[in-house]
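Undergrad: got a predicted model here, sequence first, then my questions.
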Protein chains: 2
Amino acid sequence: MSTALETALAYHEAWKSRDLDRAMSYIADDIVCDAPAGRLEGADAYRGFLTPFVGMLRSATMLAAFGDDDRALVMYDAETVPVPSAPGAELVTVREGRIVHSRFLFDRAPFEAARRQG
Amino acid sequence: MSTALETALAYHEAWKSRDLDRAMSYIADDIVCDAPAGRLEGADAYRGFLTPFVGMLRSATMLAAFGDDDRALVMYDAETVPVPSAPGAELVTVREGRIVHSRFLFDRAPFEAARRQG
């Protein structure tokens, strides 16, 4: 198993367990995350993005996880309070055990629909 | 390189070149595709899904591609007419050189916004 994949899996297990501090221990201070709504820069911005997600998370299941020396690509399904099936995919670049870049992908449409419905 | 990854990459190159027939040559007749809008069953339904996408495609760039013996996971960015950056991720299961299952993920929100704006 590549170190990048080990880090991606440890990060996944942490947020899946709703352990925000442990999840953030795998995030570099200067992380750049390209998410559907735009670019997030820095660990504080990333934590501000992860916190509400973890707050509405019911469970998550890893569907596939692959990696090489410095990158890992994962896809999972997540059950959340507003959206019963909210799959996500993350392509992460890892340096010294921390994620320095993340390309993050999920479908915002059902979250927007849930918000519109109140 | 795994056979599953070879198939996933060949499929990607085909739709990226807007060669719908070649792309469909990598799709099993009984494909099951779990896409954001729901499940598609069978090659005809899949072609009905792929055709409008290829029609609005300007270019695509593979961001990462990994695989093992029977599965491959890819993430790419796609430039389309309505949405300039429309990344996608696909987790495909391959049997005898054809994709029998695809878990397909992209953000529908910017496509819905473009449609609303006419």
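TA: Okay, I see it.
Undergrad: could I get the average pLDDT for the one helix or strand residue A:13 maps to?
TA: Per DSSP states H and E, residue A:13 falls inside helix A:3-16. Helix A:3-16 comes out with an average pLDDT of 97.
Undergrad: pull out the buried residues from that helix.
TA: A:3-5, A:7-9, A:11-12, A:14-16 (16 or more other C-beta atoms under 10 Å in any protein chain shown). Heads up, the C-betas are built off the backbone N, CA and C, glycines and all.
Undergrad: against residue A:16, how distant is residue A:54?
TA: Distance from residue A:54 to residue A:16, counting by C-beta to C-beta, to the nearest Å: 9 Å.
Undergrad: quick one, grab the pLDDT at the nearest residue to residue A:106 once chain neighbours are set aside.
TA: In space, and not counting its chain neighbours, residue A:106 is closest to residue A:88: 4.3 Å by C-beta to C-beta, 6 or more residues apart in numbering or on different chains. Per-residue confidence (pLDDT) for residue A:88: 98.
Undergrad: leaving out the residues flanking it, which one is nearest to whichever residue of chain A sits closest to chain B?
TA: Across chain A, no residue is closer to chain B than residue A:66, which sits at 3.2 Å (C-beta to the nearest C-beta). In space, residue A:66 comes closest to residue B:66 once its chain neighbours are excluded; the distance is 3.2 Å by C-beta to C-beta, 6+ apart.
Undergrad: what's the neighbour count on the one you found?
TA: 24 (other C-beta atoms under 10 Å in any protein chain shown).
Undergrad: and the next helix or strand past whichever helix or strand it is part of?
TA: Using DSSP H and E, residue B:66 maps to strand B:57-67. Next along the chain after strand B:57-67, taking DSSP H and E as the criterion, comes strand B:71-80.
Undergrad: so which elements touch that following strand?
TA: Helices and strands touching strand B:71-80, by 3 or more C-beta pairs under 8 Å, 6 or more residues apart in numbering or on different chains; DSSP states H and E, are strand A:57-67, strand A:71-80, strand A:88-95, helix B:3-16, strand B:57-67, strand B:88-95.
Undergrad: centre of the chain to the fifth one, how far?
TA: Same thing as strand B:57-67. Centre-to-centre, strand B:57-67 and its host chain are 10 Å apart (C-alpha atoms, centre = their mean, to the nearest Å).
Undergrad: go on, the last one?
TA: Its chain's C-alpha centre and that of strand B:88-95 lie 8 Å apart, by C-alpha atoms, centre = their mean.
Undergrad: okay, now the residue nearest to residue A:103 when sequence neighbours are not counted: neighbour count?
TA: Once flanking residues are discounted, residue A:103 sits nearest to residue A:91: 4.2 Å by C-beta to C-beta, 6+ apart. Using other C-beta under 10 Å, residue A:91 is surrounded by 24 other residues.
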